[in-house]
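Colleague: model the following, please.
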Amino acid sequence: MPTKHLIRSRSIVAGLLLSLLAVGCTSDDVPAPTARDSAESETLVATPAHVPFADTLAPVVDRNGRMVVEAMEYPWSAIGRINTGGRGFCSGVLIGPRLVLSSANCLFDAATGRWWPSGEIHFVAGYQQDRSVIHAGVRAYEIAPDFVPGAVNTFANLANNWALLSLDTAIGYAAGWLAVQWQDENTRARLADGDGFLLAAGYRRGWGNAVMVELACAERSCAGSPVEAALPAFVYLDEEFRVLGNPLLRARAAVGGVGSRDFADIPRGNTYWGESRPPVGSVIAAALPRDSVARLLRHLGHLTIPAQTINDRVLATAISDFENQSGLRRSGALSVALLGHLLEAAARELPRASLRPQSRFWPITEITSAAASIR
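Modeller: Model (predicted):
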């Protein structure tokens, strides 16, 4: 298990720290998933997915840009709950068949002053309403060497709040996984030019049984607050979803300073590592976000009929209508790329006046140059 490190002195205005701090865990009564051995887990992968439409398909994006989504649809199925000791949870994201990216403070038990043993940590992908069919234990994990447990308000901790968890079963094939997009100047420039958009998704305090998506990242902080579980940040670029990666994790990995074998196997690119891969073959989670697309089409006014009367032809017509209105190539086809365009359209329609600016979204990127001095 990781040991404590000396805190390197660095001062930051207290108010800024509080606005940028992302708390990775929260206490909650966590249902313990049924234990399964590896053989049974592999059998689960062969179970076909079926995600029905929501009962009402009512508008789902509230005035603050938040919506609850079907967790068993990709890309949301790559998000999961990290349950710690049966007493708390936080969010993690699959970035490979058996590798999860999360925050370092997620794995520290402040109540006992110890790191959670691997055997007391469980990851549940696509968890929703006590449904936990894609899950695995944690065989090992690695945290940023400069992260100091119990001192989350320090500069070093804000810049080094990352963790990698290696699972005992390759459930990523059943749930899908996401590439890691690095928080760098290239990413910021592309987003500023309108090439993509930001969002956050995960399990909030008070919403621990459902995946909640936050669309208002341009006006509000996606990092969460000190009183709730943080939502991991994502980016939609090149018509695919990726999870945002800590720049100091990237810097350390570039010089071989990350020990995780699962992380070392990820293909490395200039601005993002790995690939975003939906579930394939006969899987549990749905590879196409049918329910999410239908909900957003209803929210944006392209579907008006009751959910029980929607069929593939009706859905294709609504998709074509949205594509035509948005200037997209008309296909009428369901896709993950379409989901991104719909989310972006929903974010543009948010009532901007009602969104209270809390903090800038890029805290880690904006302190990267100063953080270089503490590596």
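
Colleague: the helices in the stretch 201-350 of the chain, which residues?
Modeller: Using DSSP state H, counting those that start in this stretch, the helices found in the stretch 201-350 of the chain span residues 247-254, 261-264, 290-299, 312-326, 336-348.

Colleague: hmm, who's touching the second one?
Modeller: Put plainly, it is helix 261-264. Taking contacts as Cβ atoms under 8 Å, 6 or more residues apart in numbering, the residues outside helix 261-264 that touch it are 96-99, 142, 164, 166, 253, 258. Quick note: C-beta positions are derived from backbone N, CA and C, even for glycine.

Colleague: residues touching residue 323, list them.
Modeller: Per Cβ under 8 Å, 6+ apart, neighbours of residue 323: 329-332, 338.

Colleague: need the pLDDT of it.
Modeller: Residue 323 is assigned a predicted lDDT (pLDDT) of 97.

Colleague: same deal with residue 338?
Modeller: Predicted confidence (pLDDT) for residue 338: 97.

Colleague: cool, residue 327 as well?
Modeller: What the model reports for residue 327 is a pLDDT of 95.

Colleague: nearest to residue 242, of the contacts of helix 261-264?
Modeller: Closest approach between the contacts of helix 261-264 and residue 242, by Cβ to Cβ: residue 96, at 13.0 Å.

Colleague: that closest one against residue 267, yeah?
Modeller: No - in terms of Cβ atoms under 8 Å, residue 96 does not count as a neighbour of residue 267; the distance is 10.2 Å.

Colleague: give me the common contacts of those two.
Modeller: By Cβ under 8 Å, 6+ apart, residue 96 and residue 267 have these common neighbours: residue 274.

Colleague: settle it for me: which of those two has more neighbours?
Modeller: Taking other Cβ atoms under 10 Å, residue 96 and residue 267 do not tie; residue 96 has more neighbours (25 against 9).

Colleague: in what helix or strand does that one lie?
Modeller: In the assignment (DSSP states H and E), residue 96 maps to no helix and no strand.

Colleague: how about the contacts made by it?
Modeller: Counting by Cβ under 8 Å, 6+ apart, the residues that residue 96 touches are 172, 177, 262-263, 265-266, 274.

Colleague: with residue 75 instead?
Modeller: Contacts of residue 75 by Cβ under 8 Å, 6+ apart are 176, 178, 234, 241, 276, 278, 289, 336, 339.

Colleague: check the first one and give its pLDDT.
Modeller: Just to be clear, that refers to residue 176. Residue 176 is assigned a pLDDT of 96 by the prediction.

Colleague: same check on the fifth one?
Modeller: Per-residue confidence for residue 276 comes out at a pLDDT of 96.

Colleague: my guess is it contacts residue 177, does it?
Modeller: Yes - counting by Cβ under 8 Å, a contact exists between residue 276 and residue 177, whose distance comes to 7.2 Å.

Colleague: more neighbours: which of the two?
Modeller: In terms of neighbours (other Cβ under 10 Å), residue 177 is the more surrounded of residue 276 and residue 177; the figures are 30 against 23.

Colleague: contacts for stretch 101-121, please.
Modeller: Judged by Cβ under 8 Å, 6+ apart, the contacts made with stretch 101-121 from elsewhere in the structure are 1-2, 22-25, 82-86, 88, 90-93, 95, 137-141, 143-144, 147, 149-150, 152, 157, 160-165, 180, 230, 232, 243, 245.

Colleague: please identify the buried residues of that stretch?
Modeller: Using 16 or more other Cβ atoms under 10 Å as the burial criterion, the residues of stretch 101-121 that qualify are 101-109, 115-116, 118, 121.

Colleague: can I get it in PDB, CA atoms only?
Modeller: Once side chains and other backbone atoms are set aside, the C-alpha atoms of stretch 101-121 remain, and they are given as PDB (Å, rounded to 0.1, in the frame of the first residue of the first chain):
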ATOM      1  CA  LEU A 101      -8.900   5.900 -13.600                       C
ATOM      2  CA  SER A 102     -10.100   7.600 -10.500                       C
ATOM      3  CA  SER A 103      -8.900  10.100  -7.800                       C
ATOM      4  CA  ALA A 104      -6.300   9.400  -5.100                       C
ATOM      5  CA  ASN A 105      -8.400  10.700  -2.300                       C
ATOM      6  CA  CYS A 106     -11.100   8.100  -3.200                       C
ATOM      7  CA  LEU A 107      -8.900   5.400  -1.800                       C
ATOM      8  CA  PHE A 108      -8.100   6.900   1.600                       C
ATOM      9  CA  ASP A 109     -10.300   6.200   4.600                       C
ATOM     10  CA  ALA A 110     -10.200   9.500   6.600                       C
ATOM     11  CA  ALA A 111     -12.200   7.900   9.400                       C
ATOM     12  CA  THR A 112      -9.500   5.400  10.200                       C
ATOM     13  CA  GLY A 113      -6.500   7.200   8.700                       C
ATOM     14  CA  ARG A 114      -5.500   4.400   6.400                       C
ATOM     15  CA  TRP A 115      -5.500   3.500   2.800                       C
ATOM     16  CA  TRP A 116      -8.200   1.000   1.800                       C
ATOM     17  CA  PRO A 117      -6.800  -2.500   1.200                       C
ATOM     18  CA  SER A 118      -7.400  -3.800  -2.300                       C
ATOM     19  CA  GLY A 119      -9.500  -6.600  -1.000                       C
ATOM     20  CA  GLU A 120     -12.000  -4.100   0.400                       C
ATOM     21  CA  ILE A 121     -12.500  -2.200  -2.800                       C
END
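
Colleague: averaged pLDDT, that stretch. What do you get?
Modeller: Summarised as a single mean, pLDDT over stretch 101-121 is 90.
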